[in-house]
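[1] just to be clear, the model below is a prediction. Sequence and coordinates:
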Amino acid sequence: VVATDAFGDPALVRFAHGRGQVVTCAYPLELLLADVADGHGPADPSWGVYAGLAELAGVREEAGARHPELTCGSLRGARGGLLVVTNHGDAPVGAPLRLPAGAAAVTEVRAAGLRPHGGERVELAPHDVLVLTWDE
């Protein structure tokens, strides 16, 4: 049992067998969220279910920042990579940054121009977008 409902009954169950796993939810999560205003908004912890399932499946982008208000997308090529981080919230967000091993010369691409990114965190203003590039 991974999670229980308000009555203490199993709501999310994981079963491992051999090399595989099955996760079963007792509730129609997507349908329930569809009826919630701002269902994937800042006060909604459902993002943790999706993040947990991705982690359980071994799916993890090599680059990203984990925070409920942030979405990330990355591309990687022979010479390096690019990461786009978007803050969908109304408040500033700071989050740990994850880049692939060997990433070097990390650069921020902003409207004001290019500048080196020298940290292990990203900081985004409300509704801001940050583009990072790196060399391998």
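    Great, that's in hand.
[2] from E136, how far out is the residue most central in space within the chain?
    Centroid-nearest residue in the chain, with C-alpha atoms, centre = their mean: R66, separated by 4.3 Å. Going from R66 to E136 by C-beta to C-beta, to the nearest Å gives 23 Å. C-beta here means a position set from N, CA and C on the backbone, and glycine is covered the same way.
[3] equivalent analysis for V93, please.
    Distance from V93 to E136, by C-beta to C-beta: 27 Å.
[4] looking at these two, which has the bigger crowd around it?
    V93 (20 against 14; other C-beta atoms under 10 Å).
[5] which residues does that one contact?
    Residues counted as contacts of V93 (C-beta atoms under 8 Å, 6 or more residues apart in numbering) are 67, 69-70, 87, 122-124.
[6] which residues sit against the lowest-mean-pLDDT helix or strand in the chain?
    Counting by mean pLDDT, DSSP states H and E, the chain has its least confident helix or strand at helix 47-56, which shows a mean of 80. For helix 47-56, the surrounding residues in contact (C-beta under 8 Å, 6+ apart) are 2, 12, 14, 21, 23, 29, 40, 60, 66, 68.
[7] kindly indicate which of those residues lies nearest A103.
    Nearest to A103 among the contacts of helix 47-56: R60, at 15.3 Å, using C-beta to C-beta.
[8] helix or strand: which one has the closest one?
    Using DSSP states H and E, R60 sits in no helix or strand.
[9] for it, which non-adjacent residue is closest in space?
    Nearest residue to R60 in three dimensions, chain neighbours excluded: A54, at 6.7 Å (C-beta to C-beta, 6 or more residues apart in numbering).
[10] count of residues packed around the one you found?
    A count of neighbours around A54, defined by other C-beta under 10 Å, yields 12.
[11] likewise G102?
    9.
[12] doesn't D135 make contact with it?
    No. Counting by C-beta atoms under 8 Å, G102 sits too far from D135 to count as a contact (9.0 Å).
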